[in-house]
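Student: next one to model:
(one chain, ligands or ions: 1)
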Amino acid sequence: MYTFIINPHSRSGKGLTIWHTVEAQLEQRQICYTAFFTKYQRQATTYVRKLTSDGSSRVLVVLGGDGTLNEVINGICFPERVTLGYIPTGSSNDFARSFGIPNDPLRALEIILNPGRTVHMDVGTMSYEGKHRRFAVSAGIGFDAAICHEAVVSKWKRILNRIHLGKFTYAVIALHRLLLTSTCPFHIVLDDEKEVSFPKGWFAAVMNHPCEGGGFYFCPDARPDDGQLDVLVVSGLKAPALLLTLPFALFGKHTKFHGVHLFRCKKVSIHTASALPVHTDGEPVFLQRCFTASIEACPLKVIVS
Ligand SMILES: Nc1ncnc2c1ncn2[C@@H]1O[C@H](COP(=O)(O)OP(=O)(O)OP(=O)(O)O)[C@@H](O)[C@H]1O
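Tutor: Purely as a prediction, here's the structure:
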């Protein structure tokens, strides 16, 4: 029995059309399933929390973007009892990109119905103000999070999705944010031991997977099953230099550039002099001055091929 959690509004409304294709295939093959459609933000978390609270074994299949996936992961009560399948219908699809899950919904479905390989994926947790939020792909503060905050209200996501260029949403918004964002002092503590300060920080990205923002390989060597988090800090650059550096991250070739700093750890605390935008998997977490990110004790089984 599969439980599908569907965001019909993902990829600016294409999620529903894609679901109809998947649904037809499920019916044709007489697969036993239930389907839940999200109607508003965070509803997937509430639904999954209730669904998984009895601790029985389940296969949850998310049909949506990285945001819906994040909401589902945040609702899972007994991760050891859950297997996750994913049909990517978002704009950025960094989770799918990293695991090689196909964008073609029927091919992605086929993998879920005939699973060959599952990965025990690390699940990240961000802690702030006594609250906790899980993340699958990444969490961040500063410029990259400001882009995620703007994406929620930006018309560009809708326009680019309509012309099949949705994966460029975050790149286009980044150009706009660059004009509005300034640097700020960052202080990073790695594994409660090593401390590093950056007087002119642009952003810090805590990566479980190698890429975020629609294919920016910020930490190209990050692995979602190595028990570690990779951290990128970009600082000390002028805005034009940042603009020149970022496109290289699309190929993971930015790592030796001036102002780019990479770390690997199990736990990181990030403090900033001013309150800055924060995100988990592209979902805004308002403005914060400080958060800690680490890996949860129990990994999550994900069907990848
Ligand atoms: N029925 C709905 N109507 C409007 N928004 C919804 C609905 N269901 C979920 N959402 C919200 O939509 C947001 C984005 O969803 P999702 O990530 O699935 O798609 P996307 O934005 O197209 O993709 P990506 O996150 O990869 O850019 C999430 O914050 C989610 O809470």
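
Student: secondary structure of K157: a helix, I assume?
Tutor: Yes - counting by DSSP: H, G, I helix; E, B strand; the rest coil, K157 falls inside a helix.

Student: could you check how far it is from C290?
Tutor: 29 Å (Cβ to Cβ, to the nearest Å). Where you see a C-beta, it was placed from the backbone N, CA and C, and this is true even at glycine.

Student: next: L106.
Tutor: 45 Å.

Student: likewise for A171?
Tutor: For A171 relative to C290 (Cβ to Cβ), the value is 29 Å.

Student: higher neighbour count, these two?
Tutor: Comparing A171 with C290 by other Cβ atoms under 10 Å, the one with more neighbours is A171, at 19 against 15.

Student: right, and that one touches L243 too?
Tutor: No - at 10.8 Å, A171 does not count as touching L243 under the criterion of Cβ atoms under 8 Å.

Student: do a quick rundown of the helices in the stretch 151-300 of the chain.
Tutor: Taking DSSP state H, counting those that start in this stretch, the helices of the stretch 151-300 of the chain run over residues 155-162, 169-180, 239-249.

Student: in a markdown table: those, plus distance to M207 and mean pLDDT.
Tutor: Conversion of these to a markdown table gives the following (distance: least, Cβ to Cβ, whole Å; pLDDT from 0 to 100):
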| stretch | distance to M207 | mean pLDDT |
| --- | --- | --- |
| helix 155-162 | 22 | 80 |
| helix 169-180 | 15 | 84 |
| helix 239-249 | 11 | 94 |
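
Student: and those as CSV, adding distance to N74?
Tutor: Shown next, in CSV, are the helices of the stretch 151-300 of the chain (distance: least, Cβ to Cβ, whole Å):
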stretch, distance to N74
helix 155-162, 22
helix 169-180, 21
helix 239-249, 27
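
Student: give me the element I141 is part of.
Tutor: strand 138-142 (DSSP states H and E).

Student: is any residue of that strand near the ligand?
Tutor: No - using Cβ under 6 Å from any ligand atom, strand 138-142 never reaches the ligand; the gap is at least 11.9 Å.

Student: next, G252: phi, psi?
Tutor: phi 70, psi 20 (degrees, to the nearest 10).

Student: and it, how many neighbours?
Tutor: The burial count for G252: 15, using other Cβ under 10 Å.

Student: give me the neighbour count for R134.
Tutor: 22.

Student: repeat for L109
Tutor: By other Cβ under 10 Å, neighbour count at L109 equals 23.

Student: ok so it is a strand residue?
Tutor: No - according to three-state DSSP, the state of L109 is helix, so it is not within a strand.

Student: which strand or helix spans the closest residue to it other than its chain neighbours?
Tutor: Closest residue to L109 apart from its sequence neighbours, by Cβ to Cβ, 6 or more residues apart in numbering: V22 at 5.5 Å. V22 is located in helix 10-28, with elements delineated by DSSP H and E.

Student: run through the residues of this protein sitting next to the ligand.
Tutor: Proximity of the chain to the ligand is confined to 7-11, 38-42, 64-68, 71, 90-93, 282-283 under the rule Cβ under 6 Å from any ligand atom.

Student: just the buried ones from these, in ChimeraX syntax?
Tutor: The following ChimeraX line selects those of the residues of the chain next to the ligand that are buried, judged by 16 or more other Cβ atoms under 10 Å:
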select :7,8,9,10,11,38,64,65,66,67,68,71,90,91,92,93,282,283
